[in-house]
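Q: Sharing a model that was predicted from the sequence below.
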Amino acid sequence: MALGFSIPVKIVFTTFILLVILSCKNQSQEMEIALKDISLNGNTLTLGFDNEPTRSSQITPIQDKIYKYVDAPSGLNFRDAPKGKVLGKFPDNYRLEILEVTNITSIVKDGNKEISGSWVKVTTGRVIGYVFDGFLSDNYKEITYENNINDLSILTMDSYEKKNDVTIPFISLTDGYWANRFPKVLEEFQNESRTDDDEKQNEIYYHLKGKERVTFLNNREIKESDFLFIYNYQTDQLKQFNVKDVPLFTHQSIYGGGDYLTGFDLEGLIETTNYSYYNSFAHVGKENPFLTNSISSINWKTLDTSKVPKIELAYGEFFKSTQYDIQVAYHYVIDNNDYYYTRNSFENGTYTADYIFALSPAKKVLYMTEVTDSESQSPSLYLQEDMELPKEPNHYAGRLFKDKPPVIFGLYYNSFGCPFIAFLDDKEHVIYIQCDNRH
């Protein structure tokens, strides 16, 4: 006959068990005890556990919202777990919310210094992942013009139509970027636009001479002894002029309201019998930065999708993957570098995007971008099956500058802002062309 417990004895045993559990919790928050069952079977007391006592999940939940900023010029990888699989990359200076701080640490070598830190769980609001907090900062970095734009100041060709329907080539020197680089420009422009000189206000255009010319050039750090270099990349022609011989010209903006654009008047200096002169870059300085016979249009050719190398592509907001289907592909070779224009489908067709990328002969990724369409810019050449190339080339690549890596440009038409020239080398900053596109 089994020996039974009286009710007071059961209460004592139950109280004892609860005290044991509370004692374990108080002694160490790192011990997690999962009580499976308590049974009183005859004279035997059975305590059951799901597993042996284990370490708790090594995280510290965040009670109040904490934000950090990515402090990594090349971006910061995020993963599916601490030290886990890379899912994508957050850009430099991007704000992240900290969700959890783990007890998992790492020491990362960055150049000649070692950086210690912990792995934290973060979110952008839509994307969640783990990052190494050694590359996070409490403060947002104010990025200045000089840090964000390449040292090369490249201007673009424009035109102006006079009253007698004569179109003259024109290079604006009053782009908004100049205002950032030369603080006096904005003040000068505002004074120029609000002059009390009735004669100038009534004219649509006029030339700057004498003191006005001297002041204008000084504010732009341009000397009369400098040269104006103009390179037409479509015709591969380079022209050079002495600044002192090129008129300065001011004309009213198409938006009116006393808004003027000022720059070089190239009437009679540039051939305008066809529109190729629009495909020109310009630079003002002592030395010519341009190379000739080294830039080519990308004449895309249809390619079997099975012959496209599988590289890691960024898609969506921040994700990266090599798991995708290639639906359309075009290819071209310039200077032994392979250029691809592809349409790729991710996540079983839930996300589709077009890409342009360049690979070295060793299949190293030199350049990669997702081709997007927005209010401010649209692709200069939309990817299609059996795509017909326009008579006038859109995309260009090759060597454009002396002592610089190859470039790629002409990928977009810009409604707002200015186009860019990208290098096939992530160590070189993108060049944003000075175009005075005021919107």
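A: That came through fine.

Q: Show me the residue sitting in the middle of the protein in space.
A: Centroid check for the chain by Cα atoms, centre = their mean gives Pro91 as the closest residue, at 7.5 Å.

Q: where does the residue lying closest to it once chain neighbours are set aside land on pLDDT?
A: Spatially, and ignoring its direct neighbours in sequence, Pro91 is nearest to Gly75 (5.3 Å; Cβ to Cβ, 6 or more residues apart in numbering). To be clear about C-beta, it is placed using only N, CA and C from the backbone, and glycine gets the same treatment. Here the pLDDT value assigned to Gly75 is 89.

Q: now Gly75: how far from Lys320?
A: 10 Å (Cβ to Cβ, to the nearest Å).

Q: any shared contact partners between the two?
A: Lys89 (Cβ atoms under 8 Å, 6 or more residues apart in numbering).

Q: Give me the buried stretch members for stretch 81-98, please.
A: Buried residues in stretch 81-98, counting neighbours by 16 or more other Cβ atoms under 10 Å, are found at Pro82, Leu87, Gly88, Lys89, Phe90, Asp92, Asn93, Tyr94, Leu96, Ile98.

Q: right, and the fifth one touches Glu97 too?
A: No. Phe90 is beyond contact range of Glu97, at 11.9 Å (criterion: Cβ atoms under 8 Å).

Q: Okay, helices next: where are they in this structure?
A: 7-27, 145-148, 176-181, 184-193, 198-202, 210-219 (DSSP state H).

Q: hey, least reliable of those helices by pLDDT?
A: Among the helices of the chain, helix 176-181 carries the lowest mean pLDDT (a mean of 39).

Q: Could you report the neighbour count for the closest residue to Pro405 other than its chain neighbours?
A: Once flanking residues are discounted, Pro405 sits nearest to Asp425: 3.9 Å by Cβ to Cβ, 6+ apart. By other Cβ atoms under 10 Å, 12 other residues sit near Asp425.

Q: pLDDT wise, what is Asp425 at?
A: 93.

Q: still on that earlier bit, per-residue confidence for the residue nearest to the centre of the chain?
A: Pro91 is given a pLDDT of 88.

Q: Which stretches in the stretch 251-400 of the chain count as strands?
A: Counting by DSSP state E, counting those that start in this stretch, the stretch 251-400 of the chain has strands at residues 260-265, 280-285, 295-297, 301-302, 313-315, 319-321, 324-334, 337-346, 351-359, 365-371, 377-379, 396-398.

Q: For those, give me TSV that also has mean pLDDT, distance to Leu173 and mean neighbour count.
A: Listed next are the strands of the stretch 251-400 of the chain as TSV, based on pLDDT from 0 to 100; distance: least, Cβ to Cβ, whole Å; neighbours: other Cβ atoms under 10 Å:
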stretch	mean pLDDT	distance to Leu173	mean neighbour count
strand 260-265	86	4	22
strand 280-285	94	8	21
strand 295-297	96	24	19
strand 301-302	95	40	12
strand 313-315	89	36	19
strand 319-321	88	41	17
strand 324-334	97	32	18
strand 337-346	97	34	20
strand 351-359	96	31	19
strand 365-371	94	30	17
strand 377-379	93	23	16
strand 396-398	97	24	21
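
Q: Reformat these as CSV; add distance to Asn232.
A: Formatted as CSV, the strands of the stretch 251-400 of the chain follow (distance: least, Cβ to Cβ, whole Å):
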stretch, distance to Asn232
strand 260-265, 15
strand 280-285, 5
strand 295-297, 10
strand 301-302, 25
strand 313-315, 34
strand 319-321, 38
strand 324-334, 19
strand 337-346, 22
strand 351-359, 24
strand 365-371, 24
strand 377-379, 23
strand 396-398, 12
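
Q: quick one, which of those strands is nearest to Thr167?
A: Using Cβ to Cβ as the criterion, the shortest distance between Thr167 and the strands of the stretch 251-400 of the chain is 12.1 Å, found for strand 260-265.
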